[in-house]
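[1] Here's my sequence, what's the structure:
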Amino acid sequence: MEIIDFKKELKHLYHASAKEVIRVDVPPMNFLMVDGEGDPNTSQAYAEAIEALFAVSYTVKFLLKKGELAIDYGVMPLEGLWWADDMTTFSPDDKSNWKWRAMIMQPSFVTSDLIERALAEVKKKKNPAAISKVRFASWSEGECAQIMHIGPFSEEVPTIERLHRFIDVSNRQRTGKHHEIYLSDIRKADPKKWKTIIRQPML
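    Take a look at the predicted model:
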């Protein structure tokens, strides 16, 4: 059986320095996604989206492991895109108007047919509340700046400001959506040690 470590193969995308901002070119990749809105700290819809995404992602993994390809790999971390219709109102101090896309990257050999099989299996066995909202699609960001934030989400603002300053002094412009990649299991890890990659596309 072939075992693949995608975090290692895609290290430039799923690892970052906490000491400096770096540039990365992010190619198109496929994701399972759920869209929603509201404060993620209080939104039941956000919790339901995460539950459904991981349920389908693990089912895809096991189908591949047992199937003809006989490939095993670690499920990729949860990622989030965050924005507001009016970005001038997008503030960490008031998340009530935030819109979000929760997503998990899927390997290139995962097909739409396999996703449909996984969705049907999850619906039959667990039927999580957000299963009907899960979709499979490609997402592309191109050139981005990114940095690692270590600590609780509530303390991200200085790290985000540092990222934005890097883009500004590089005479570039921010574009697209604020992107976060959650590398820690927040149910188990000390919040002071949470690792989050913060990424911002730029022109």
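[2] got a list of what the residue nearest the centre of the chain touches?
    Centroid-nearest residue in the chain: residue 79, 1.1 Å away (criterion: C-alpha atoms, centre = their mean). Shown in contact with residue 79 (C-beta atoms under 8 Å, 6 or more residues apart in numbering): 31, 102, 103, 104, 105, 179, 180, 181, 182. Any C-beta I mention is one placed from the backbone N, CA and C, and that applies to glycine too.
[3] want to throw the residues you listed into a markdown table with pLDDT, secondary structure and neighbour count?
    Formatted as a markdown table, the contacts of residue 79 follow (pLDDT from 0 to 100; DSSP: H, G, I helix; E, B strand; the rest coil; neighbours: other C-beta atoms under 10 Å):
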| residue | pLDDT | secondary structure | neighbour count |
| --- | --- | --- | --- |
| 31 | 98 | strand | 20 |
| 102 | 98 | strand | 28 |
| 103 | 98 | strand | 27 |
| 104 | 98 | strand | 21 |
| 105 | 98 | strand | 22 |
| 179 | 97 | strand | 22 |
| 180 | 97 | strand | 20 |
| 181 | 98 | strand | 22 |
| 182 | 98 | strand | 17 |
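[4] need the longest helix for this structure.
    With secondary structure taken from DSSP state H, the chain has its longest helix at helix 44-66.
[5] contacting residues around it?
    Helix 44-66 is contacted by residues 1, 32-34, 36-38, 40, 70-73, 75-76, 78, 100, 102-104, 106, 109-110, 114-115, 117-119, 121-122, 126, 128-131, 133-134 when judged by C-beta under 8 Å, 6+ apart.
[6] can you give me how far that helix is from the chain middle?
    13 Å (C-alpha atoms, centre = their mean, to the nearest Å).
[7] where do the strands sit along the protein?
    Taking DSSP state E as the test, the strands found in the chain are 2-4, 22-26, 29-37, 71-73, 78-83, 99-106, 135-139, 142-150, 178-182, 195-201.
[8] Those strands into CSV, with extra columns for distance to residue 56?
    Shown next, in CSV, are the strands of the chain (distance: least, C-beta to C-beta, whole Å):
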stretch, distance to residue 56
strand 2-4, 19
strand 22-26, 23
strand 29-37, 6
strand 71-73, 15
strand 78-83, 13
strand 99-106, 8
strand 135-139, 9
strand 142-150, 26
strand 178-182, 17
strand 195-201, 23
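[9] Quick one: closest of these to residue 12.
    Of all the strands of the chain, it is strand 22-26 that lies closest to residue 12, at 5.7 Å by C-beta to C-beta.
[10] Which residues does the residue nearest to the centre of the chain form beta bridges with?
    Assessed by DSSP bridges, residue 79 has beta-bridge partners residue 103, residue 181.
[11] any idea how far residue 104 is from it?
    Residue 79 is 7 Å from residue 104, where distance means C-beta to C-beta, to the nearest Å.
[12] Common neighbours of the two, please.
    Residues within reach of residue 79 and of residue 104 at once, by C-beta under 8 Å, 6+ apart, are residue 31.
[13] what about the residue lying closest to residue 92 once chain neighbours are set aside, how many residues close to it?
    Counting by C-beta to C-beta, 6 or more residues apart in numbering, residue 157 is the residue found nearest to residue 92 once chain neighbours are left out, at 5.6 Å. Neighbour count for residue 157, taken as other C-beta atoms under 10 Å: 13.
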